[in-house]
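>>> would you be able to build a 3D model of this:
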Amino acid sequence: MADLLLELFSEEIPARMQAKAEADLKAALEKGLAEAGVEFERAVALSGPRRLAVCVEGLPAKSADVKEEKKGPKVGAPEKAVEGFLRGAGLTSIDEAEVRSDPKKGDFYVAVREVPGRPLQDIVAELVPEIVRGFHWPKSMRWGRGELRWVRPLQRVLCVFDGKVVDFEIDSLKSGNQTEGHRIMGRGPFEITSFEDYKRVLESDGCVVLSREDRRLLIDEQAHVTCLEKGLELVEDKGLLDEVTGLAEWPVVILGEMDPDFLTLPSEVIQLSMRTHQKYFAVRDPKTGDLAPNFVVVANIEAADGGEAIAAGNSRVLSARLDDARFFWDNDRKMPLEEMAKKLSTIDFKKELGTIADKVERVAALARELAPKVGAEPDVAERAARLAKADLVSGMVGEFPELQGVMGGYYAREQGEADAVATAIAEHYKPVGASDDVPSEPVSIAVALADKLDTLVGFWAIDEKPTGSKDPFALRRAALGVVRIILENEVRVGLQTTVIRPFARAGVRIVLQRAVERQDKIQELFDAGVLTENQANRLLLESIEQANQERDLALGDEAWAKTSVVIQDLLAFFADRLKQYLRDAGARHDLIDAVFALGEDDLVLIVKRVEALGAFLESDDGANLLAGYKRAANILKAEEKKDGKAYDGAPDPKLFEQEEERALAEAITESVAAAEAALQAEDFEKAMGALSSLRPPVDAFFDAVTVNAERPELRQNRLLILGSIRDALHRVADFSKVAA
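I've put the predicted structure just below:
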């Protein structure tokens, strides 16, 4: 057994692409070897700023010998069929084929061919160029006069098997046994004979930490130790840590200083400027919890002066960045948020849905409606909604779009707005990601829900919904945000009633938008001299009349019949997001479907039902009752199909012949009454408990009673008893959707 080492050495690979490329190269090599019939022990992949490498261990010298069999026609088949079989199998005579027998199909020919294994070097020499030419990068380039595309110009291909070079060529670039180390501290080149040799040489003379995970741990440890030595604390940033791991081959952590005067800026501005532009980690004072006038930078070299010059240079660059931020901060605070908000009418939200100012009007109205349902003051919620988007025209958000909302919150506090208003402005985009917290203050909840619901309703109204993996307006994230805000704050709202009013506004808004577009076109034709003044005035009057008619239609019964279909589609979209949320929390998908089938749109109640149903079915009573339900439902399904009618309604007590019938019917009546009372009180565990009392009489009924009795009236009555079982359980969930 021997090892294969492949390294693709290039100019700098973007940090965000390295991890996936490492995994993709390993997977492609493993797949290619497997398809060639080559078994191996394991594969190890590595990646860094300038290289992707894979070592495959425990490889044979050649692929395994293979016996191929090709089934042919029956013995005695027409001559043409036999000739075709011989050509396809590579045989010269039918005598070279075997004759085999099948009990049903008789004798037939089989061509058996022994295919010897191929030398592994030949397999790899064909496989690697194919992998490289077909490798997918999010962005790639060509260079020189070649046709090969790679993320950056490919400079070397190292490919060694069992100590020897595997010879091949990719776009005039020949394979070899040489690699390069650190650009400055250990460039090389170095000749390599094995994976152990590769690691030893590069991690010593080459000054390259090959493993991505090793570099990440090294940076993390050095950063924490460096801060601790100065009595400081590193501000954790996993995303930035992953990024700088892909920027340095030989990472060295340096603690730098910045002008303390910059600490008067909002902490988010300082951290984002460090992170976005410079890839620095922020540092805080553990005694106060506030940012310290320091930063952590990851260099790619060991400097003779211990990094002092590097720290000073980075400090100067950071100062320039923060000077810009301070200019925006000071300049933005000179303009009241209300003045900023007036400029929103110049920015389109979506052509069919108007400007951002139009969106603000809709969000403000919806936030006011939602406020009482979440315990917020309507006037305060409306005020926050009207100012929430104002910072979009600020200089700071123009420079740092990630701070939208956050800066508005700061400006609101500076200008004397209530804390609830400022907090709602700062948080109304939340949650942005799965790990992001949801707003928890009543006003913030109202504005955040209104903003997301308006976006969803608007895009559904103009029929621009996510398709497949495409979701350019992040509508899935918005819907999941609504779900999380409602559930994590236990907000009691019915989604259906909540979205109807926004749909009405969206419909009228689209009508008015079309009217404005028509009037603009008329004005344009008049200005160009195409229309006379009388013609233009007449067309304008007709446009106004048409707009009034379209508005009436938008609010009429026919329009709402169509809108109701769209609303149901949007509710189904919410249902999918809720299912995703609950599945991530560990809930069974079949229980979610069973509860959703009831048509409930109060998400808090849906979750409570799912939790209670899961606990109920884990008990012996629940599991056995489910089995009884399935038995009853299967009988009903067959008999209802045969009879062409549903067995709904109460059975006739006069037709009970056996005590088990009477006992079950009485138990159903009692349990349904108890379950209904529990459901009204939203005590779903108690409702499930009431149903569990049905288990003994259901079991007794099936043990003693023949449902398909000879007398038709008796058979029908017993089927009605089964229908009562089904109806009783469907009051808490559709048990037909629960897996047995």
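>>> list the residues that contact S619.
S692 (CB atoms under 8 Å, 6 or more residues apart in numbering). All C-beta spots, glycine's among them, are computed from the backbone N, C-alpha and C.
>>> next one: it relative to R588, how far apart?
15 Å (CB to CB, to the nearest Å).
>>> got phi/psi on the nearest residue to A690 once chain neighbours are set aside?
Distances taken as CB to CB, 6 or more residues apart in numbering place A674 nearest to A690, at 3.7 Å, with adjacent residues excluded. With angles defined as degrees, to the nearest 10, A674 sits at phi -70, psi -40.
>>> pull the residues that contact the stretch of helix or strand A667 belongs to.
Assigned by DSSP states H and E, A667 belongs to helix 659-680. Contacts to helix 659-680, defined as CB under 8 Å, 6+ apart, come from residues 651, 653, 656, 684, 686-687, 689-691, 693-694, 697-698, 700-701, 703-705, 717-718, 721, 724-725, 728, 731-732.
>>> right, and the helix or strand after it?
Following helix 659-680 in sequence, per DSSP H and E, is helix 684-692.
>>> now do that following helix and helix 659-680, the angle between them.
170 degrees (axes from the mean of the first three to the mean of the last three CA atoms, to 10 degrees).
>>> may I see the buried residues of helix 684-692?
684, 686-692 (16 or more other CB atoms under 10 Å).
>>> and the next helix or strand after that helix, what does it pack onto?
Per DSSP H and E, the first helix or strand lying C-terminal to helix 684-692 is helix 695-704. If you count contacts as 3 or more CB pairs under 8 Å, 6 or more residues apart in numbering; DSSP states H and E, helix 695-704 packs onto helix 620-643, helix 659-680.
>>> pLDDT on the shortest one, on average?
Across helix 659-680, pLDDT averages out at 91.
>>> okay, buried residues for that helix please.
Buried, per 16+ other CB under 10 Å, within helix 659-680: 660-661, 663-665, 667-668, 671-672, 674-675, 678-679.
>>> the helix or strand containing D454: how far from the chain's middle?
Assigning secondary structure by DSSP H and E places D454 in helix 442-461. Relative to the centre of its chain, helix 442-461 is centred 20 Å away, using CA atoms, centre = their mean, to the nearest Å.
>>> so for the following helix or strand past that helix, what gets flagged as buried?
Downstream of helix 442-461, the next assigned helix or strand under DSSP H and E is helix 475-488. For helix 475-488, a neighbour-count test (16+ other CB under 10 Å) marks 475-487 as buried.
>>> residues contacting G398?
Contacts for G398 (CB under 8 Å, 6+ apart) come out as F328.
>>> for the helix or strand harbouring it, the distance to its chain's centre please.
Per DSSP H and E: G398 is located in helix 395-399. Put simply, helix 395-399 sits 28 Å off its chain's centre (CA atoms, centre = their mean).
>>> quick one: mean pLDDT over it.
Rounded mean pLDDT across helix 395-399 is 93.
>>> same question for stretch 324-332.
94.
>>> contacts for it?
For stretch 324-332, contacts defined as CB under 8 Å, 6+ apart pick out 262, 265-266, 269-270, 273, 391, 394-396, 398-400, 407, 411.
>>> output the buried residues of helix 659-680 as JSON lines; include the columns distance to L218.
Listed next are those as JSON lines, based on distance: CB to CB, whole Å:
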{"residue": "E660", "distance to L218": "74"}
{"residue": "E661", "distance to L218": "76"}
{"residue": "A663", "distance to L218": "73"}
{"residue": "L664", "distance to L218": "70"}
{"residue": "A665", "distance to L218": "74"}
{"residue": "A667", "distance to L218": "68"}
{"residue": "I668", "distance to L218": "68"}
{"residue": "S671", "distance to L218": "64"}
{"residue": "V672", "distance to L218": "66"}
{"residue": "A674", "distance to L218": "64"}
{"residue": "A675", "distance to L218": "61"}
{"residue": "A678", "distance to L218": "59"}
{"residue": "L679", "distance to L218": "58"}
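>>> what two of these have the greatest distance between them?
E660 and L679 (27.4 Å; CB to CB).
>>> where does the protein dip in pLDDT?
500-519, 540, 543-565, 740 (pLDDT under 70).
>>> could you rerun that using 50?
508, 555-561 (pLDDT under 50).
>>> confirm that Q155 sits in a strand.
Yes: secondary structure of Q155 (DSSP: H, G, I helix; E, B strand; the rest coil): part of a strand.
>>> now do the strands in the stretch 301-450 of the chain.
Under the criterion DSSP state E, counting those that start in this stretch, the stretch 301-450 of the chain carries strands at the ranges 348-350, 354-355.
>>> what pairs with the last one, parallel or antiparallel?
This means strand 354-355. Under the criterion DSSP bridges, strand 354-355 sits next to strand 348-350 (antiparallel) in its sheet.
>>> hmm, who's touching the strand it pairs with?
So strand 348-350 is contacted by 354-356, 358-359, 458-459, 462 (CB under 8 Å, 6+ apart).
>>> which of those residues tops the neighbour count?
Using other CB atoms under 10 Å as the neighbour test, these are led by G458, with 26 neighbours.
>>> that one against I356, yeah?
No: with contacts counted by CB atoms under 8 Å, G458 stays clear of I356, the gap being 11.9 Å.
>>> before we move on, the earlier item: among the contacts of helix 659-680, the buried ones, what's the ChimeraX command?
Listed next is the ChimeraX selection for buried residues among the contacts of helix 659-680, using 16+ other CB under 10 Å:
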select :651,656,684,686,687,689,690,691,693,694,697,698,700,701,705,717,718,721,724,725,728,732
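>>> ranges for the strands of the stretch 1-150 of the chain?
With DSSP E, counting those that start in this stretch as the criterion, the stretch 1-150 of the chain has strands spanning 2-10, 42-48, 51-59, 66-74, 98-102, 106-115.
>>> which SS class is the closest residue to E233 other than its chain neighbours?
Residue nearest to E233 in three dimensions, not counting chain neighbours: P286, with 4.4 Å by CB to CB, 6+ apart. Judged by three-state DSSP, the three-state class of P286 is coil.
>>> how many other residues sit next to the residue lying closest to A478 once chain neighbours are set aside?
Distance criterion CB to CB, 6+ apart; nearest residue to A478, sequence neighbours excluded, is K452 at 4.4 Å. Close neighbours of K452, defined as other CB under 10 Å, add up to 25.
>>> circling back: out of the buried residues of helix 659-680, flag the one nearest to P336.
Using CB to CB, the buried residues of helix 659-680 come closest to P336 at L679, 51.7 Å.
>>> how far away is that closest one from V595?
12 Å.
>>> over to V201?
61 Å.
>>> looking at those two, which one has more neighbours?
Taking other CB under 10 Å, V201 and V595 do not tie; V595 has more neighbours (26 against 19).
>>> who touches the residue nearest to A478 in this structure?
Applying CB under 8 Å, 6+ apart, the residues contacting K452 are 478-479, 481-482, 485.
>>> again, 10 Å this time
Neighbour list for K452: 363, 428-431, 474-475, 477-483, 485 [criterion: CB atoms under 10 Å, 6 or more residues apart in numbering].
>>> also A704?
Here A704 is in contact with 658-661, 663 (criterion: CB under 10 Å, 6+ apart).
>>> kindly indicate which of the residues you listed lies nearest L582.
A663 (37.4 Å).
>>> next one: that closest one from D703, what distance?
According to CB to CB, A663 stands 12 Å off from D703.
>>> surely E30 touches E57?
No: with contact defined as CB atoms under 10 Å, E30 does not reach E57; the gap is 11.8 Å.
>>> what touches both of the two?
Joint contacts of E30 and E57 (CB under 10 Å, 6+ apart) are 40, 42-43.
>>> thought R383 was touching A418?
Yes: R383 is within contact range of A418, at 7.9 Å (criterion: CB under 10 Å).
>>> higher neighbour count, these two?
Of the pair R383 and A418, R383 is the one with more neighbours under other CB under 10 Å, namely 23 against 15.
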